[in-house]
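> Kindly generate the corresponding structure for this input.
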Amino acid sequence: MENFKYLGDILNENDNNQIDLQERIKNVNKIYFMLQKLFKNKNISKKLKLRLKNTIIEKTLTCASESATLTKRDGKQLNIFERKVYRRILGQVYDNEKEKWRILTNKEIYASVKKPAIIETIMLNRLHWFGHVLRIEFPKG
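Okay, here's the model as predicted:
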């Protein structure tokens, strides 16, 4: 048996989580496209759209990520996906100097949402989880 799914994670003999990450991004992409009409709707506030993103998309993407091994490439893929969602939610901005519409830069996105990048959130979750592990009392024996 090469790969199998256990509690939402894909496990394999080589302990390679690249397959799991690709599967997770694929599943979150499906959710993103289901929510696409809401994200495009001008009558729904950006605040509500960001709450949807944080509660549905981000939680699905970061579920059980505390113990996963992430490479720089994995982190880059996660950040790219997150910025794609933010750009859909925040839309374009009008540049008065160039007198045309443009997409937000990465720095403008994170300044606008006042939230760390998803990879930083995963790192903070790991530290939180590690704190729990440190407080475990093992039986003396």
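
> Now do the helices in the chain.
Secondary structure of the chain, counting by DSSP state H: helices at 18-40, 46-52, 59-62, 72-90, 106-113, 118-134.

> Just name whatever secondary elements the third one is in contact with.
Looking back up the chat, that one is helix 59-62. helix 18-40, helix 72-90, helix 118-134 (3 or more C-beta pairs under 8 Å, 6 or more residues apart in numbering; DSSP states H and E). Bear in mind the C-beta positions are built from the backbone N, C-alpha and C, glycine included.

> shaky segments in this protein?
The chain contains residues with pLDDT under 70 at 1, 3-19, 141.

> rerun that using 50 as the cut-off
Within the chain, no range satisfies pLDDT under 50.

> thinking again about what came up before, the helices and strands packed on helix 59-62: which one's closest to S112?
Nearest to S112 among these is helix 72-90 (6.1 Å), distances taken as C-beta to C-beta.

> Pull out the buried positions in the closest one.
Buried positions in helix 72-90, judged by neighbour count with 16 or more other C-beta atoms under 10 Å: 74-75, 77-79, 81-83, 85-86, 89-90.

> Mind listing residues that contact that helix?
Outside helix 72-90, the residues that touch it by C-beta atoms under 8 Å, 6 or more residues apart in numbering are 17-18, 21, 25, 28-29, 32, 36, 39-40, 46, 49-50, 53, 57-58, 61, 70, 103-104, 106, 109, 112-113, 117-119, 122.

> From those residues, keep the buried residues only.
In terms of neighbour count (16+ other C-beta under 10 Å), the buried residues within the contacts of helix 72-90 are 17-18, 21, 25, 28, 32, 39, 49-50, 53, 57-58, 61, 70, 104, 109, 113, 117-119, 122.

> and L134, how many residues sit next to it?
7 (other C-beta atoms under 10 Å).

> Next one: it from A68, what distance?
19 Å (C-beta to C-beta, to the nearest Å).

> and what of F33?
Distance from F33 to A68, by C-beta to C-beta: 24 Å.

> More neighbours: which of those two?
Between F33 and A68, A68 has the larger neighbour count (other C-beta under 10 Å), namely 15 against 10.
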